[in-house]
Every structure is written in structure tokens, then in C-alpha cells.
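Visitor: Here's a sequence, model it:
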Amino acid sequence: MTIKVGKKIPDVEILLTGNKTRRLSDYRGKWLVLYFYPKASTPGCTREGLDFKEAIYKFRRQSTVILGASRDSLKAQENFKTKQGFPFDLISDKEETLCQAFNVIRMKNMYGRQVRGIERSTFLIDDEGILRHEWRGVKVKGHVEEVLETLKALKKAG
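Guide: Okay, the predicted model is just below:
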């Protein structure tokens, strides 16, 4: 299944920090920012998480939930969340179910060799579970502000 802007997202089961299991459909009624990052506790991923943390109240005022996802273990995600004080849950997607559903796994060059990994991506999902906007190949600097502005514009357009 490939996701497309304007279409319903797949109802995938997810494992969250706090050892909670949810489904994406559990977030209906609120907008959802689902961001994928390559690896917990690395510099770029930490910066991106901290940027979302700094803007959390702006997103909450928009009735929007933030979830971060990577292929890291639940323990690694717990450590990352605790160390950085993230006020949102992180998803452990070791089986790549969510990654596959959102098509974020790519071949990437790392130190001169090809490796399979997550392409930094963000998805904005409305309160009915419909994908409204996607960003792929995200550059961290300025990204959270762009997500927030797009969210506000989409909600205003209603």
C-alpha cells in the first residue's frame, strides 16, 4: 500500500514509549505530525526532536499530536525521550511496519558504502486520518517552523 496526499493513511499498530501499543486510528479527532528519523540520539535527530519539543505548545494549540518514529529498539527510544525530555511519544518500529507503510526506507550512502535506512520524512495527517502534506528528504534547520505554518494554513483553509 502506498500512501498519497488526500488519501486515508493505513491503520498500522504502533509501539510507543511507555510500552504502549496503539493504532494510528486512535489519533482520529486530532491532527497528527508523524516524523521519521534515522537513528535515536544522533546529532541531527536530536536537533529535530528538540525543535519539535520547543514548538510543542504551538502544536497543542492547533490540537495536534506529535509522534517521532525510527527503527530503534523501545529501550533506545525510551532513553532518547528521557535524556532529551521530549513531551511526546516516540515509536519503536523495529519490524519496519510503519516505515514500509509510509515508504521511508531508502538506500543511502554512508562513509562510501550503501546502507538501508530511514529517509528523514514528516507526514501531516488531519483529524479524519487523511494525509494532508508530506515532506521527504527533510533538512532539519527550519523544518519544524515549516510544518507548523503548513498546519495552520491547512486548518485555516478548512
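Visitor: ok, and the helix or strand in this structure with the lowest average confidence?
Guide: In the chain, no helix or strand scores lower on mean pLDDT, DSSP states H and E than strand 105-110, which sits at a mean of 83.
Visitor: Quick check: R23 vs E95, distance?
Guide: According to C-beta to C-beta, to the nearest Å, R23 stands 15 Å off from E95. Any C-beta I mention is one placed from the backbone N, CA and C, and that applies to glycine too.
Visitor: Please disregard the earlier target; I meant P87.
Guide: Where E95 is concerned, P87 sits at a distance of 26 Å (C-beta to C-beta).
Visitor: Ok, D127 next?
Guide: As judged by C-beta to C-beta, D127 and E95 stand 27 Å apart.
Visitor: Below-threshold pLDDT in this structure: ranges please.
Guide: Where the chain drops to pLDDT under 70, the residues are 1.
Visitor: hey, where'd the strands end up in it?
Guide: Taking DSSP state E, the strands of the chain run over residues 13-16, 20-23, 31-36, 64-70, 89-92, 105-110, 113-118, 121-125, 131-136.
Visitor: and the spatially most central residue of the chain, what does it touch?
Guide: For the chain, Y35 is the residue whose C-alpha lies nearest the centre (C-alpha atoms, centre = their mean; 1.7 Å). Counting by C-beta atoms under 8 Å, 6 or more residues apart in numbering, Y35 makes contact with 48, 52, 66-69, 120-123, 138.
Visitor: mind checking how far the closest residue in space to D11 that isn't next to it in sequence is from E119?
Guide: Using C-beta to C-beta, 6 or more residues apart in numbering and skipping the chain neighbours, the partner closest in space to D11 is S25 (4.6 Å). In this structure, S25 and E119 are 25 Å apart, going by C-beta to C-beta.
Visitor: more crowded one of those two?
Guide: Neighbour totals were compared for S25 and E119, and E119 leads with 18 against 13 (other C-beta atoms under 10 Å).
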